[in-house]
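In: model this:
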Amino acid sequence: MQQPCLYRIVLSRLRWDNRTRSYLQRRLTGGRTRREIIRYLKRYVARQVYRLVVPANPPADQTGPAGVAA
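Out: As a prediction, the model looks like this:
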């Protein structure tokens, strides 16, 4: 399944982010294809976005739906 937003982020990083560009060069010299490297970078971006969207520790007071008596 295609994730065009992740692909777009990776392409932007490859163009502007020096760390991502150096990662690309290291992997290319290691024998990986550009397609594989982009796949790895999309996974990395997905993990970063997931950490931003889903809180690590949900608030302790969320025990159930509001208004339900125990």
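In: settle this for me: residue 27 is touching residue 37, isn't it.
Out: Yes - in this structure, residue 27 is within contact of residue 37 by C-beta atoms under 8 Å, at 4.7 Å. Every C-beta, even on glycine, is put in place using the N, C-alpha and C of the backbone.
In: okay, these two: which has more neighbours?
Out: Per other C-beta atoms under 10 Å, whichever of residue 27 and residue 37 has more neighbours is residue 37, with 20 against 16.
In: pull the longest helix from this protein.
Out: Determined from DSSP state H, the single longest helix within the chain is helix 34-53.
In: just the CA atoms of it, as CSV, please.
Out: C-alpha atoms of helix 34-53 as CSV (Å, rounded to 0.1, in the frame of the first residue of the first chain):
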residue,chain,number,x,y,z
ARG,A,34,17.7,3.7,-3.6
ARG,A,35,14.3,2.1,-3.4
GLU,A,36,15.3,0.0,-0.3
ILE,A,37,16.7,3.1,1.4
ILE,A,38,13.5,5.1,0.8
ARG,A,39,11.5,2.2,2.3
TYR,A,40,13.7,2.3,5.4
LEU,A,41,13.3,6.1,5.7
LYS,A,42,9.6,5.8,5.4
ARG,A,43,9.5,3.4,8.3
TYR,A,44,11.7,5.7,10.3
VAL,A,45,9.4,8.7,9.6
ALA,A,46,6.3,6.6,10.4
ARG,A,47,7.8,5.7,13.8
GLN,A,48,8.5,9.4,14.5
VAL,A,49,5.0,10.5,13.6
TYR,A,50,3.4,7.7,15.6
ARG,A,51,5.3,8.8,18.7
LEU,A,52,4.0,12.3,18.2
VAL,A,53,0.4,11.2,17.7
